[in-house]
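In: The following block contains a protein sequence and its predicted model.
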Amino acid sequence: MTPGEVLRAAANIIECHGHNKGSAFAYPRMRRAGGATWEQLIEDAVAQAPVSVEGAMERAIWGKVQRFDSFRFETEKLAELIETRSYFGDWLIWTHGITNLIEWNDDPDTTSEAVTLLLRKAADDWTEPPF
């Protein structure tokens with residue numbers, strides 16, 4: 001996926017599942033009902049819970065937010081994530097003077113609508129590098 005494709009998918013994910021502040025994905029706040037284990041609840045959360053901007057990028061690439069304890073190292077997908085994070089971070093600086101992606105994501109004044117709008121604008125501005 002190109003950074004433009006990842007950013008557009010990330011915007012759709014946030015629009016569909018919600019925007020999270022403070023962590024890559026919203027941890028389950030429900031009690032274990034119906035015999036679900038904590039691990040099952042976490043697996044559901046990484047694939048369906050509200051996500052941060054970075055969590056949405058990961059979900060766009062891998063289908064779920066990557067967890068440190070089960071991270072799948074795939075060079076091509078990791079390169080897509082790094083390229084997308086770098087591009088979006090640079091794009092935020094150039095166009096809006098936002099210098100810290102995580103602080104911007106977690107700012108109480110940052111709305112999910114603003115996040116999806118900027119993700120889509122950055123996706124629209126993406127062009128393949130000339131090399």
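Out: Sure thing, it's come through.
In: Need the residue closest to the centroid of the chain.
Out: Taking Cα atoms, centre = their mean, the centroid of the chain lies closest to A56, which sits 2.1 Å from it.
In: Quick check: buried residues in the longest helix seen in the chain?
Out: Counting by DSSP state H, the longest helix found in the chain is helix 75-96. Using 16 or more other Cβ atoms under 10 Å as the test for burial, helix 75-96 gives 80-81, 84-85, 87-89, 91-92. Backbone N, C-alpha and C define where each C-beta goes, glycine included.
In: want to try a markdown table for those, with pLDDT and distance to M1 as columns?
Out: Output for the buried residues of helix 75-96, formatted as a markdown table (pLDDT from 0 to 100; distance: Cβ to Cβ, whole Å):
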| residue | pLDDT | distance to M1 |
| --- | --- | --- |
| E80 | 90 | 5 |
| L81 | 88 | 10 |
| T84 | 94 | 8 |
| R85 | 93 | 13 |
| Y87 | 95 | 12 |
| F88 | 96 | 13 |
| G89 | 95 | 17 |
| W91 | 95 | 16 |
| L92 | 96 | 20 |
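In: shaky segments in the protein?
Out: Residues of the chain that meet the criterion pLDDT under 70 lie in 27-38, 40-43, 45-46, 67-73, 129-131.
In: Quick one: end-to-end length of stretch 11-24, please.
Out: This stretch, stretch 11-24, spans 14 Å end to end (Cα to Cα, to the nearest Å).
In: Please enumerate residues in contact with it?
Out: By Cβ atoms under 8 Å, 6 or more residues apart in numbering, the surrounding residues in contact with stretch 11-24 are 26, 48-56, 58-60, 65, 105-108, 110-112, 115-116, 119-120, 123.
In: The same query, at a cut-off of 6 Å, please.
Out: 26, 50-52, 54-56, 59, 65, 106, 112, 115-116, 119-120 (Cβ atoms under 6 Å, 6 or more residues apart in numbering).
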